[in-house]
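# Sequence plus the predicted model coming up.
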Protein chains: 2
Amino acid sequence: MRAERVAERLRARGRRMTVQRRAVLAALRALGCARDAEAIHARARRVYPHLGLVTVYRTLDAFVADGVAHAVHLGDGRVRYDLSEDGAHHHHVVCLRCGRVARVDRCHLPAPRRLDLPRGFTVTVHRLELFGYCGRCARRS
Amino acid sequence: MRAERVAERLRARGRRMTVQRRAVLAALRALGCARDAEAIHARARRVYPHLGLVTVYRTLDAFVADGVAHAVHLGDGRVRYDLSEDGAHHHHVVCLRCGRVARVDRCHLPAPRRLDLPRGFTVTVHRLELFGYCGRCARRS
DNA sequence: GGCTGTATTGAAAATGACTTTCAGCTTCCG
DNA sequence: CGGAAGCTGAAAGTCATTTTCAATACAGCC
């Protein structure tokens, strides 16, 4: 998603596009897969060195609320973020040894109506995270 | 899993069974689906009122390490726990409105070899969480 | 049934990932 | 351009969880 497209989305919700937010956007784009606020902060500072970590948190919240990014929860107590790409819902595989995270592009979950859910429940979103070993770590262990 | 079976598992790893751990085990059994440390603490105190929250955290860690319980991550910044039942791997559905959590018993994920993973990756575990609305909340919104 | 080495416990303090507060600054609608 | 409303950074605050530490209690061994 280009900066101007993101700016539009933000404005549509009464938010503003700022230098800081552009820096965070650039960092998200540059880093790629599921990075946490600190990594994003560090990277964004290359573009805008005065950027505060607090601003990164606030920007990421805004991005998620407006559908520009989405949060990834790997269960290690910190939230990671991915830029939303149009239509491409995806998941992640995490190496249990080195922590590397990679994308899994196709979503293999059966349609919600085919899951046998407890009575009454309707499913609108799901999260799937895979854990295992990357090639390099598998060879070593 | 009965208390004595749990005691064996703990001892097999050089750990001990204590009154406190029995209380946590009873609480896990009584509460059922995916409850957090605080809820478990509150419940376990009915049996052993002096029980400290710290002990609950430590006990849950031990249980998870020894396969007596497992952690459930719903992405709200606190970890929940389920007692392990023999063989029954399951997932959860969470109501986005009232927060109710229910079990989804069958696991619908294709076999790992049928997932197209990034090259080199091997998957050993996965986590799947579903989100949507329970019958009561769906009716109201 | 005691002894004893070591795991376990609870209280208090520490940690770490966020969140809030607040005064000053910046966007952007008009 | 003007100014209301959104944003920013620093410092302080939350909150779930972890660590520290001295006292206690399991459990294998006489």
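On my side now, so go ahead.
# how distant is the helix or strand hosting A:R139 from the center of its chain?
Per DSSP states H and E, A:R139 falls inside helix A:135-140. Helix A:135-140 sits 26 Å away from the centroid of its parent chain (CA atoms, centre = their mean, to the nearest Å).
# now do stretch A:20-33
The chain centroid and the centroid of stretch A:20-33 are separated by 11 Å under CA atoms, centre = their mean.
# residues contacting the residue of chain A positioned farthest from its centre?
Seen from the C-alpha centroid of chain A, the residue lying at the greatest distance (CA atoms, centre = their mean) is A:R119, 31.6 Å away. The contact partners of A:R119, by CB atoms under 8 Å, 6 or more residues apart in numbering or on different chains, come to B:G135. Placement of C-beta: from N, CA and C, glycine included.
# For the residue in chain A that DNA strand C sits nearest to, which non-adjacent residue is spatially closest?
Nearest residue of chain A to DNA strand C, counting by CB to the nearest atom of the strand: A:R78, 3.3 Å away. Excluding its sequence neighbours, the residue lying closest to A:R78 (CB to CB, 6 or more residues apart in numbering or on different chains) is A:D36, at 4.8 Å.
# Show me the beta-bridge partners of that neighbour.
A:R80 (DSSP bridges).
# wait, isn't it in contact with A:R80?
Yes - counting by CB atoms under 8 Å, A:D36 touches A:R80, with 5.0 Å between them.
# out of the two, which sits in the busier spot?
A:R80 (21 against 17; other CB atoms under 10 Å in any protein chain shown).
# Other residues contacting the longest strand seen in chain A?
Counting residues, the longest strand in chain A under DSSP state E turns out to be strand A:122-133. Residues outside strand A:122-133 that contact it (CB under 8 Å, 6+ apart): A:72-75, A:91-97, A:104, A:107, A:109, A:112, A:115, A:117, A:141, B:75, B:93, B:96, B:109, B:112, B:115, B:117, B:121-133, B:138.
# quick one: that strand to strand B:122-133, angle?
Here strand A:122-133 points in a direction 160 degrees away from that of strand B:122-133 (axes from the mean of the first three to the mean of the last three CA atoms, to 10 degrees).
# partners of strand A:122-133, with directions?
With DSSP bridges as the test, strand A:122-133 pairs up with strand A:91-95 (parallel), strand B:122-133 (antiparallel).
# What are the buried residues along it?
A:122-123, A:126-133 (16 or more other CB atoms under 10 Å in any protein chain shown).
# wait, does stretch A:97-116 contact DNA strand C?
No - Stretch A:97-116 stays clear of DNA strand C (CB under 7 Å from any atom of the strand), getting no nearer than 12.6 Å.
# sorry, back to before: out of the buried residues of strand A:122-133, flag the one nearest to A:V6.
A:R127 (23.7 Å; CB to CB).
# Next one: that closest one from B:L53, what distance?
Distance, A:R127 to B:L53, by CB to CB, to the nearest Å: 28 Å.
# Then A:V54?
For A:V54, the distance to B:L53 - CB to CB - is 30 Å.
# just A:D36 next, same as before
Relative to B:L53, and taking CB to CB, A:D36 is found at 27 Å.
# same question, A:H90
Distance from A:H90 to B:L53, counting by CB to CB: 38 Å.
# tell me the contacts of the closest residue to A:C98 other than its chain neighbours?
With sequence-adjacent residues excluded and distances taken as CB to CB, 6+ apart, A:C98 is closest to A:C137, at 5.3 Å. Listed by CB under 8 Å, 6+ apart, the contact partners of A:C137 are A:95-98.
# and the residues you listed, which are buried?
For the contacts of A:C137, buried by 16+ other CB under 10 Å: A:C95.
# So which of the contacts of A:C137 would count as near DNA strand D as well?
Of the contacts of A:C137, not one also sits near DNA strand D (CB under 7 Å from any atom of the strand).
# Using CSV, lay out the contacts of A:C137 together with distance to B:R15, pLDDT and secondary structure.
Shown next, in CSV, are the contacts of A:C137 (distance: CB to CB, whole Å; pLDDT from 0 to 100; DSSP: H, G, I helix; E, B strand; the rest coil):
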residue, distance to B:R15, pLDDT, secondary structure
A:C95, 29, 95, strand
A:L96, 23, 93, coil
A:R97, 25, 91, coil
A:C98, 29, 90, coil
